[in-house]
Structures are given as structure tokens and as C-alpha cells.
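In: build me a model from this:
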Amino acid sequence: MSHTDATRAVEAVWRIESARLVAALTRMVGDVGLAEEFAQDALVSALEKWPAEGVPDTPGAWLTTVAKRRILDRWRRDERFKLRMTDLGREIEENDGQAEFDAVLEEDYGDDLLRLMFVCCHPVLSTEARVALTLRLLGGLTTDEIARAFLVPEPTVAQRIVRAKRTLAKKKVPFEVPVGEDRDARLSSVLEVLYLVFNEGYTATSGTSWMRTDLCEEAMRLGRVLVGLLPKEREAHGLVALMELQASRFRARVGRDGVPVPLLEQDRSRWDRLLVNRGLAALDRSLPAGPDDVRGPYSLQAGIAAEHARAVTPEDTDWMAIAVLYAALVKVTASPVVALNHAVAVSMAVGPGPALTLVDRLRDEPSLEGYHPWSAVRGDLLSRLGRAEEARAEFERAAGLTRNERERALLLERARSV
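Out: Numbers count the residues shown, from 1 in each chain. Alright, predicted model coming up:
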């Protein structure tokens, strides 16, 4: 095996196995930072040995064995580490501690992954730190890959990850699945992080690319893992449904010239029907079990995406149903952004006049200050009402606010064509 082939094999195995390995080691050593350190040691060993020895038949087990040896080495030479392990109840006998480690590391990987998700997305961390740590430990992405995905300097991402690990250790965040009311809040944080990752990939906030599908795919993969671990959580299914349905439009969202294609102008024959069907199936699993159950925000958003997916042509879209779903979503979230989207649906269902009234009610909303879609939506409504000069000003304002170059070009073209 050539060095290049071995390196690619290591990278592929790491992407698949790293989350399980870090999760199991975290349970063993009680610290996510230490766990990743030992996992990285195993990765380095693989990079050194696999080019000469070849990829083992069970690469995940190989990495786990090497990581165990690293822990045992630390146990023997580091008194502070020995005390830490003793506090955790990890008494390691001198006969290599093999039985102890095997007993701990061979427990259910699924529970470990779920615990790791809750730790990475813990509310004590900033949103940016939660996203970076999730992609690092659960996604197996390198610091450089995360930095390039979000167009930020690599040292910035590295600092976020280091600080996140320190915060988790300082706050003594337990490696567990929370229960009761705390569980609902923590699960909401996990879902939020996954959707933030997906959204950054779906519509890049900066740079020259309209989409970064690798981020979307990673968010969907982790979402599927989550519903596999929590099959009864309807909102988790709702999030997966939403991501699958939105991702189904990837091939149609950008033209051959790289210019973004608006939803109503997309070639729907290019929508991925497999993803549509998967999304609709996940949507069904997200629906309330009884009349008294409240439908969650991700399920409602997935319902909106489903209305688009079911329409064979743009003219077939049930805009009234979408407006009703958005109205329900506004009540659940109290979000001005959702209210803006509700106004768009109203414009399609009953006309631009009533919708403009709704948009103008959001003019002084602090959270929408500098939010370019508000100006873009208002420009579209003014254009449809024949108020060309005002529409042009709004499109130009929106273009000046966005950081995405593709979107800026599209908005300036709209301004010129009014």
C-alpha cells in the first residue's frame, strides 16, 4: 500500500470511527479533552504504521486498542492521572488493566454517542463553540476543515475548541444523558446545533459559494444518528425531515453559470425524489400522537418544505396551507424571521398588499436590523405592486448587507431589472 493510499484509508476510517472512539474513551477517562488526546495518539500511530503494515481487518478495534495502551501508559507514569482515574472509580490492576478497560470500552456505543452529543452541545458553551466541538468530535473534521467550511481563521476555530474543552472540564459537565426538564432543554440545544450546521451549508453566509453541501451532509448524517438513538423524539424526526426535504433541492438550486435559482424557478425534475420520500417518511414520524400534543417548530418547518416537495409545478403549491403552517410557527417561536417568512407565504396566498403590511410591522424589530432578507422581501413586494423606484432601493440595500457574493450579484441584478 502506498503512503497516499494508506493516508486516505486512515482519514476514511477516522471519519467513521472517531466519534465512537472519543465517546468510549470519554466514558473511560471522564474528560472529553483527554479522550480526544488519546484518540489522536491512536490516529498518529495509524498514520505511522498502516503504510507499511496495511489497513487492519478491524480498523476501529485497532484504534481502540492503541488508545487503551496510551491510557495505561499514562496511568503508570502520571500520578495525577492515576488519582483522577481513581476518583472515577477506574481501578486499574497491574496486569495491564485489560479486563477493566475491556469491560468499560465494550459497553453500548450507542449510549456513548448520545452522551457525547449532549456534552458537545451543552448550553455552558457558546453557540460557536458547540458547533466547532460537534464537528470536531462527532463529525471527525479537522480544525482546518471546520475553519474552511465557515471561512474563519484556523487559529480561531482551534481556540474555540480548546476553550470549549476547558469549560466542560471546569464546569464538571457529566458524561451522561440528562433526564426530566433538563433533557428537553439539552435536546433542543443538540437540534439547534445540527440545524445551524445544516443552514450554514444550505445558504453560506459569506464567501463565493452559494452552498457548502459537505456541511449539510454532515448535519444530516448526525441527525440520522440521533433519531436512531432517540427513535421516540418527534422533534428529532422533524429536524431530519426538514433537512432531507431541503437537501432534495440541491441539484436545482444553482444554474450552470453558478447563479442561484429561486425556489419557484427551479427545475423540479432535478429534485432528489429519494430524499423527498425519506423526508416525508420522517415528517410522518414527527407528527403529534394525539390532539392535545403540540407540534414542534422543526416538524412545522418540515411540513412547509413538504408542501413544496409535493407540488409537481410551482402553480400546484398550496400557499394557503403554507401560510397556516407559518402562522402556527410564529406562535411557537415568536421569531421575527419566521414572521417575515409568514408574510412571504401570505403574499403568495392572497397578494402582495396584505403581505407588505405584515413586513412593515417588522421594520423596527431590533433583531432584524441589518438583516438583508427583510429588504429583499420588501423589494419583491414593492416590485409586484408596481412601486419600482422603492423596490430598486430595497434590493440595493439588501445587496449591501449580504456577505455572500453570489447573493449580492443576484440582488443587484434584481435592482437593475425592476
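
In: okay, CA-based contacts and neighbour counts for the rest of this
Out: Will do.

In: please name the residues that touch residue 178.
Out: Applying Cα atoms under 8 Å, 6 or more residues apart in numbering, we find residue 178 in contact with residue 186.

In: just checking, which helix or strand of the chain averages the lowest pLDDT?
Out: Least confident helix or strand of the chain, by mean pLDDT, DSSP states H and E, is helix 98-105 with a mean of 52.

In: so what does the one helix or strand residue 359 maps to touch, helix or strand wise?
Out: In the assignment (DSSP states H and E), residue 359 maps to helix 352-360. Applying 3 or more Cα pairs under 8 Å, 6 or more residues apart in numbering; DSSP states H and E, one finds that helix 352-360 contacts helix 336-350, helix 372-384.

In: would you reformat the ones you listed as JSON lines and include distance to residue 189 and mean pLDDT?
Out: Below are the helices and strands packed on helix 352-360 laid out as JSON lines (distance: least, Cα to Cα, whole Å; pLDDT from 0 to 100):
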{"stretch": "helix 336-350", "distance to residue 189": "19", "mean pLDDT": "97"}
{"stretch": "helix 372-384", "distance to residue 189": "25", "mean pLDDT": "97"}
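
In: including mean neighbour count and distance to residue 19, could those go into JSON lines?
Out: Putting the helices and strands packed on helix 352-360 into JSON lines (neighbours: other Cα atoms under 10 Å; distance: least, Cα to Cα, whole Å) gives the following:
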{"stretch": "helix 336-350", "mean neighbour count": "21", "distance to residue 19": "34"}
{"stretch": "helix 372-384", "mean neighbour count": "22", "distance to residue 19": "37"}
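
In: for residue 74, find the nearest of those.
Out: With Cα to Cα as the measure, helix 336-350 is the member of the helices and strands packed on helix 352-360 nearest residue 74 (51.1 Å).

In: run through the stretch 101-250 of the chain and note the low-pLDDT ranges.
Out: Filtered on pLDDT under 70, the stretch 101-250 of the chain yields the residue ranges 101-110, 204-211.

In: so which residue is dead centre in the chain?
Out: Nearest to the mean C-alpha position of the chain, counting by Cα atoms, centre = their mean, stands residue 194 at 2.5 Å.

In: wait, doesn't it sit right on residue 219?
Out: Yes: counting by Cα atoms under 8 Å, residue 194 does reach residue 219; the two are 5.3 Å apart.

In: what ranges do the helices span in the stretch 251-400 of the chain?
Out: 273-286, 297-310, 319-333, 336-350, 352-360, 372-384, 388-401 (DSSP state H, counting those that start in this stretch).

In: show me what secondary structure element comes after the least confident helix or strand of the chain.
Out: Going down the chain from helix 98-105, the next helix or strand is helix 109-120, by DSSP H and E.

In: list the buried residues in the following helix or strand past that next one.
Out: Next in sequence after helix 109-120, counting helices and strands by DSSP H and E, comes helix 127-133. For helix 127-133, the neighbour count (16 or more other Cα atoms under 10 Å) marks 127, 129, 130, 131, 132, 133 as buried.

In: can you redo these as TSV with distance to residue 268?
Out: Listed next are the buried residues of helix 127-133 as TSV, based on distance: Cα to Cα, whole Å:
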residue	distance to residue 268
127	35
129	37
130	35
131	32
132	34
133	36
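
In: tell me the two of those that are most distant?
Out: Pairwise distances across the buried residues of helix 127-133 (Cα to Cα) peak at 10.0 Å, for the pair 127 and 133.

In: state which helix of the chain is the longest.
Out: Counting residues, the longest helix in the chain under DSSP state H turns out to be helix 3-29.
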